[in-house]
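prediction below, plus the sequence it came from.
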Amino acid sequence: MQLNTITELLDIPNYKVTHVIHNDGNSLHFIVEQIERLPPLCSGCGRVHAGGIHSVWMNLIEDLPISGKRVFLHVPRRKVHCLEDDTIRVEEIPWLRKRFSLRFAKQVYRLTAITTNQEAGWYLGLDDETVYRIDKCMLETLAREKLDSLVAPTMMSVDEVSWQKRHKYVTNVIDIEKRKVIWNHNGRGKVVLDKFYRKLGSDGCANIQAVASDGARGFLSSTKTFAKNALIVLDHFHVKKYLNDALDTVRKEELHKARKENNDELCKILHCNQRFILMKSAKGKKKQDLLGKLATLNERVYQAMLLKEQFLSVYAAKDRQTAQTTLKDWIVAAMKSKISAFVELGNKFFRKRHFILNYFICNITTAISEGINNKIKRLSRMAYGFKDVYYFLLKIHQHCGMLNPRIST
Ligand SMILES: [Zn+2]
């Protein structure tokens, strides 16, 4: 192939291919050089230094593949004597990012936005460390462009997610209408959410009509302080999670007892494998059989399951008034159950009853925040391999927030 044809194919402004140095089944190696020799741009001060070139060396760059072959460019790169701080600096080449072309880095970032770093690495033939470095570099650049400005949401939800063992958390704020994470930060509680509201400013805070959350004290008090107009709603899916957690506590307690008493039949029903059948609110035959067995075998778990099912009628209510009555009845039943996990939950729901019932005033579609939270949880499982929390925050934005190439911003 003629050199100028390859030059046209590569299409890098002011660069031409001068030699093909290697061409085998897997890769292509080209030497490229500037067409018009321009003075180097200093990577330290960002200025053009006409004189004072210190040295030149060949930089090996990976570019986008051609016909299934990996493409490597050998690019002469100059070191310059920076007049600003009297040090030797590498020249800045705008279409390069370290050992890759910018368009190659963009491709990595687009892939890592839809799959795991490991899978993207496998597809491109890069190791994990390289994918991490390119991905992080791209995300940091985009973050500088896109994360600084913040538009106040009208309906938002806030949630925390753990990203490492030993209770390390990050907090995410979701714009429910835009269906994406608009802000996130390391840590949780009042101090962290305060930062979000401060960044919005008083006008932005005044714009917020509703805030959904898990009802954690820190989030509540922060919202009450800054977003005074906002209606606080206890997230529908968090309520369901509290119910499931309570049921699971009872299941574990009874499983523990059954094991001590060598009650094999009960152990089998209460074992983890059956857990999902117990949790599901579907009315399948399998579940009905299980319920029937449980009713005779273990009164407490049976009762806990009924309490959980009963709660669904609160959300099935047509209006706030009906919901209020149903909720009140449920709280009384939970308190009377003498099952500690449900007595506790009854107390909790009593304290937070207004926030539960606010759902009937402002019908926040929590399906969006639930979907995003599930995505983040999946990311956080992968995050055990993440090196730092800052990168995890950027990954959340990449997959469901401001840095996602598929959601327009
Ligand atoms: Zn300089």
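Arrived safely, thanks for sending.

tell me which stretches of the stretch 51-200 of the chain form strands.
For the stretch 51-200 of the chain, strands defined by DSSP state E, counting those that start in this stretch occupy the ranges 53-66, 69-81, 88-90, 96-97, 100-101, 155-164, 168-175, 180-186.

domain-wise, how is the protein divided?
3-94, 155-234+375-400, 236-360 (automatic domain parsing).

mean pLDDT for those: which is lowest?
Of all the domains of the chain, the minimum mean pLDDT falls on domain 236-360 (a mean of 83).

the residue in the stretch 201-350 of the chain positioned nearest to the ion: how many residues sit nearby?
Closest to the ion within the stretch 201-350 of the chain is Gly201: 37.2 Å, counting by Cβ to the ion. In short, each C-beta sits where N, CA and C put it, glycine included. By other Cβ atoms under 10 Å, the residues close to Gly201 number 13.

next, count neighbours for the residue of the stretch 301-409 of the chain found nearest the ion.
For the stretch 301-409 of the chain, the residue closest to the ion is Tyr390, as judged by Cβ to the ion, at 28.0 Å. By the other Cβ under 10 Å criterion, the neighbourhood of Tyr390 contains 15 residues.

ok, Leu291 - contacts?
Shown in contact with Leu291 (Cβ atoms under 8 Å, 6 or more residues apart in numbering): Tyr302, Met305.

wait, Tyr302 touches Lys293, no?
No. Under the criterion of Cβ atoms under 8 Å, Tyr302 is not in contact with Lys293, lying 9.3 Å apart.

in terms of neighbours, single out the busier of those two.
The neighbour count for Tyr302 versus Lys293, taken as other Cβ under 10 Å, is higher for Tyr302 (18 against 15).

am I right that the more buried one is in a strand?
No. Per DSSP: H, G, I helix; E, B strand; the rest coil, Tyr302 lies outside any strand segment and is helix.

in contact with it: list those residues for me.
Tyr302 sits next to Leu291, Leu294, Ala295 when contact means Cβ under 8 Å, 6+ apart.

inside helices: which ones of the residues you listed?
Counting by DSSP state H, those place Leu291, Leu294, Ala295 in helices.

where's Asp127 relative to Tyr390, distance?
Remark: distance between Asp127 and Tyr390 (Cβ to Cβ, to the nearest Å) = 22 Å.

ditto for Gly204
Look at Gly204 and Tyr390: by Cβ to Cβ, they are 24 Å apart.

likewise Leu243?
Taking Cβ to Cβ as the measure, Leu243 falls 35 Å from Tyr390.

quick check: angle from the lengthiest helix in the chain to strand 155-164?
Taking DSSP H as the criterion, the chain has its longest helix at helix 236-260. Angle of helix 236-260 versus strand 155-164, following axes from the mean of the first three to the mean of the last three Cα atoms, to 10 degrees, is 40 degrees.

pull the residues that contact helix 236-260.
Here helix 236-260 makes contact (Cβ under 8 Å, 6+ apart) with 213-215, 266-267, 270-271, 275, 278-279, 298, 300-301, 304-305, 307-308, 311, 315, 339, 341-342, 344-345, 348-349, 356, 359, 364, 366, 369-370, 373.

near the ion, which residues of the protein are found?
The chain has residues Cys42, Gly44, Cys45, Cys82, Glu84 near the ion, with proximity defined as Cβ under 5 Å from the ion.

how about a cut-off of 6 Å?
By the rule Cβ under 6 Å from the ion, the part of the chain lying against the ion is Cys42, Gly44, Cys45, Arg47, His49, Cys82, Glu84, Arg89.

so the fifth one makes contact with Pro40?
Same thing as His49. Yes. The criterion here is Cβ under 8 Å, and His49 meets it with Pro40 at 6.3 Å.

how near is Val80 to Arg89?
6 Å.

so what sits against both of these two?
Shared contacts of Val80 and Arg89 (Cβ under 8 Å, 6+ apart): Cys42.

which one of the two has more residues nearby?
Ranked by neighbour count (other Cβ under 10 Å), Val80 and Arg89 place Val80 first, with 26 against 20.

tally of neighbours for Leu124?
Neighbours of Leu124 under the rule other Cβ under 10 Å: 17.

nearest spatial neighbour of it, skipping sequence neighbours?
Closest residue in space to Leu124, ignoring its immediate chain neighbours: Val108 at 6.7 Å, by Cβ to Cβ, 6 or more residues apart in numbering.

can you tell me which residues contact the closest residue to the ion within the stretch 151-300 of the chain?
Residue of the stretch 151-300 of the chain nearest the ion, by Cβ to the ion: Lys199 (33.6 Å). Taking Cβ under 8 Å, 6+ apart, we find Lys199 in contact with Leu150, Trp183.

same check, this time on the one 10 residues further on
When the contact criterion is Cβ under 8 Å, 6+ apart, the partners of Gln209 are Thr154, Met155, Asn229, Ala230, Leu231, Cys362.
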